[in-house]
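Q: Provided below for reference: sequence and predicted model.
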Amino acid sequence: MEGKNPLCVEILSDDLRKGDFYVELEFKQVRNTLIVRVRGEIDMLVSEKMRKEIDKKVEENEIANLIMNLEKVNFIDSSGLGVIIGRYKKINASGGRMCIVGANPSIQKILVFSGINKLVPLYNTEQEVVQF
Amino acid sequence: MEGKNPLCVEILSDDLRKGDFYVELEFKQVRNTLIVRVRGEIDMLVSEKMRKEIDKKVEENEIANLIMNLEKVNFIDSSGLGVIIGRYKKINASGGRMCIVGANPSIQKILVFSGINKLVPLYNTEQEVVQF
Amino acid sequence: MSMKNYVRFHFMSRADNVSLARSCVAAFVSQLDCTLDQLEEIKLVVSEAVSNAIIHGYEHRSTEEVIIMVSIDDNNELEIIVEDHGVGIPDIQQAMQPTFSSDPTRMGLGFTFMKSFMDEIEVQSQPGEGTMVILRRHFAVNQQEAFA
Amino acid sequence: MSMKNYVRFHFMSRADNVSLARSCVAAFVSQLDCTLDQLEEIKLVVSEAVSNAIIHGYEHRSTEEVIIMVSIDDNNELEIIVEDHGVGIPDIQQAMQPTFSSDPTRMGLGFTFMKSFMDEIEVQSQPGEGTMVILRRHFAVNQQEAFA
Ligand SMILES: Nc1ncnc2c1ncn2[C@@H]1O[C@H](COP(=O)(O)OP(=O)(O)O)[C@@H](O)[C@H]1O
Ligand SMILES: Nc1ncnc2c1ncn2[C@@H]1O[C@H](COP(=O)(O)OP(=O)(O)O)[C@@H](O)[C@H]1O
């Protein structure tokens, strides 16, 4: 997915502010891979905006692969799972790969329960992804 | 109030458990001084039990002076202030001294606002009290 | 068993109240000696039921009302009722099937989560009148320490 | 100004629901861009008003109901209404005087805190009918960052 010494081409950052969206997205692009670092709670309030933001970045920057970093996510429900599955379908359809990193145990439980982990593999850290 | 090298005569501990009282009291006796370390929120739910517990320890152990350590207290309202003033009146009436240590800024604001600090001096640490 | 404690919440059907609903119910439920894991499960279940009321029941109209009634009885049985006065569910059996959704953009997993993380679920609904989802879960008495 | 968001809570008049009431109102109020200090003040005010409803209004009967209505309007004006159907206040003027309490074991500071930490307070009460305390406070728009 990316080389040993990841070359950071571009750092994009976006704050979906509290009182607005309760979630914060940080984007980092390494070649044709987009890393999305999410912070907050992913529910119906933010899922639509997240979908739009991520899709925009993917299109604008000719992204092939997507890494969703959920390290700072402390809640996800089925609206949030919908965002992940939707991004997976798009990325997969255009031949790219997608994975999730850093999900805490309670988020992992939900990802496994819903079977998403069978489509979108789970890793502990962004570093680990380098090897897959 | 107590010597330089406080000699710990007795350590008593009492848990007023969550679902019951939402507060935890730890008692430490140094000669005739009782240190009460409080943890939790002091409101109407716990004030009556706190009053009883402290008065019991004071009577049983012939306590003259009282140090209330509020370091781990994150909320107090007028019910809680009532416990402090009540203990002050008793201790003062029998010639003892009382002080508060470790109150965080928002608790301090309430203590100063209510004027309690004029009767019961505030200190930062239990160590500091040695000098008063 | 008689009711030990309850609270009823009336929220505006706004998307930003879903997280508020989760937090408030969790604050109430933490009166039970439950684990953090169990609390996370309760939050998820509330999030699903309240989202459904707003998305499906009220079709995203944000000025309606979602009612949540939470109660605990003497036997540490938790009951959560989420009620809306929205469009209602025409076919409850179908709606509760895993992955069924009337909205193609959604996962159809809400009811599945509710069934999985609660001991009992009961859905009452009348098209045009609204929906009431009744969720129950039993908690053991004194199962963990307070300030763990 | 029109109402932007509201929530209504109906609590049992139990002492352990006072902290729940504080937390729930604080969770709602945190939708406003307020500081932690301001949030602490709101918690104190809610604690005082709800304690009064339970202690004075219902004379410690724990099976009655305390109602809290919290709302924000478009102008970031917060309104908190705490209502009980208890004994009521015979002399409101006297009750609101600093250090006045009908209970010798109490401080008589509840109303003083409410007056000090809110911009406006209004008390409606009928002996035998109950009491309604209406509290208002204005918050500046966008006064602080979200994830500060
Ligand atoms: N409160 C409600 N009001 C009306 N319809 C509802 C309600 N809750 C659920 N439904 C219906 O049940 C279906 C399944 O719900 P659910 O399992 O939560 O999946 P999802 O929300 O992803 O569609 C919904 O698509 C909807 O048609
Ligand atoms: N909800 C209420 N119902 C009946 N009486 C009340 C209520 N709230 C306040 N009061 C009366 O007003 C007095 C002053 O209240 P307050 O300033 O909060 O002090 P305190 O609670 O310490 O007595 C109370 O002692 C009581 O007589």
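A: Here it is on my side, so go on. Ligands and ions are numbered 1, 2, ... in the order given.

Q: now the strands: where do they sit in the chain?
A: No chain was given, so I picked chain A. A:8-16, A:23-30, A:33-42, A:65-76, A:98-101, A:122-123 (DSSP state E).

Q: Please refer instead to chain C.
A: C:3-12, C:65-73, C:77-84, C:120-126, C:130-138.

Q: partners of the longest one, with directions?
A: Spelled out, it's strand C:3-12. strand C:65-73 (antiparallel), strand D:3-12 (antiparallel) (DSSP bridges).

Q: so can I have TSV of the ones you listed showing mean neighbour count?
A: Bear in mind the C-beta positions are built from the backbone N, C-alpha and C, glycine included. Below are the strands paired with strand C:3-12 laid out as TSV (neighbours: other C-beta atoms under 10 Å in any protein chain shown):
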stretch	mean neighbour count
strand C:65-73	20
strand D:3-12	20
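
Q: Redo the ones you listed as a markdown table? Include distance to B:Leu122 and mean pLDDT.
A: Formatted as a markdown table, these follow (distance: least, C-beta to C-beta, whole Å; pLDDT from 0 to 100):
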| stretch | distance to B:Leu122 | mean pLDDT |
| --- | --- | --- |
| strand C:65-73 | 39 | 97 |
| strand D:3-12 | 34 | 95 |
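
Q: mind checking which of the ones you listed is nearest B:Cys99?
A: For B:Cys99, the closest of the strands paired with strand C:3-12 is strand D:3-12, at 36.2 Å, according to C-beta to C-beta.

Q: by how many degrees do that closest one and strand D:77-84 diverge?
A: Relative orientation of strand D:3-12 versus strand D:77-84 (axes from the mean of the first three to the mean of the last three C-alpha atoms, to 10 degrees): 20 degrees.

Q: touching ligand 2 at all, strand D:3-12?
A: No. For a cut-off given as C-beta under 6 Å from any ligand atom, strand D:3-12 has no contacts with ligand 2; the smallest distance is 13.7 Å.

Q: That strand: how far from the chain's middle?
A: Distance of strand D:3-12 from the chain centroid (C-alpha atoms, centre = their mean, to the nearest Å) equals 12 Å.

Q: Residues touching that strand, excluding its own?
A: Strand D:3-12 is contacted by residues C:5-12, C:14, C:16-17, C:20, C:24, D:17, D:20-21, D:24-25, D:28, D:31, D:50, D:62-74 when judged by C-beta atoms under 8 Å, 6 or more residues apart in numbering or on different chains.

Q: quick one: pLDDT of the closest residue to C:Asp37 other than its chain neighbours?
A: What sits nearest to C:Asp37 in space, not counting adjacent residues and going by C-beta to C-beta, 6 or more residues apart in numbering or on different chains, is A:Ser106, at 6.6 Å. As summarised for this prediction, A:Ser106 has a pLDDT of 94.

Q: Only the buried residues of stretch C:9-23, if you could.
A: Neighbour counts over stretch C:9-23 (16 or more other C-beta atoms under 10 Å in any protein chain shown) mark C:9-23 as buried.

Q: Please state the offset of it from the chain centre?
A: With C-alpha atoms, centre = their mean, you get 11 Å for stretch C:9-23.

Q: List the buried residues for stretch C:96-107?
A: In stretch C:96-107, counting by 16+ other C-beta under 10 Å, buried: C:96, C:100-101, C:106-107.

Q: returning to what we had before: closest to B:Lys56 out of the buried residues of stretch C:9-23?
A: Comparing those against B:Lys56 with C-beta to C-beta places C:Ser23 closest, at 37.2 Å.

Q: isn't the closest one right up against D:Ala27?
A: Yes. Counting by C-beta atoms under 8 Å, D:Ala27 is a contact partner of C:Ser23 at 4.6 Å.

Q: near chain C, anything from stretch A:79-98?
A: Yes. Looking at stretch A:79-98 against chain C by C-beta under 8 Å from any C-beta of the partner chain, the contacts come from A:79, A:81-82, A:85-86.

Q: next one: stretch A:28-45
A: Yes. Counting by C-beta under 8 Å from any C-beta, chain C is contacted by stretch A:28-45 at A:41, A:43-45.

Q: Tell me which entries of those lie within helices.
A: Judged by DSSP state H, the subset of those located in helices is A:44-45.

Q: Relative to B:Val58, which of the residues of stretch A:28-45 next to chain C is nearest.
A: Closest to B:Val58, out of all of the residues of stretch A:28-45 next to chain C and judged by C-beta to C-beta, is A:Glu41, at 46.9 Å.

Q: Leaving out sequence neighbours, find the closest residue to that closest one.
A: Distances taken as C-beta to C-beta, 6+ apart put A:Phe75 closest to A:Glu41, at 3.9 Å, once the chain neighbours are dropped.

Q: Can you report how many residues lie near the one you found?
A: Using other C-beta atoms under 10 Å in any protein chain shown, A:Phe75 has 19 neighbouring residues.
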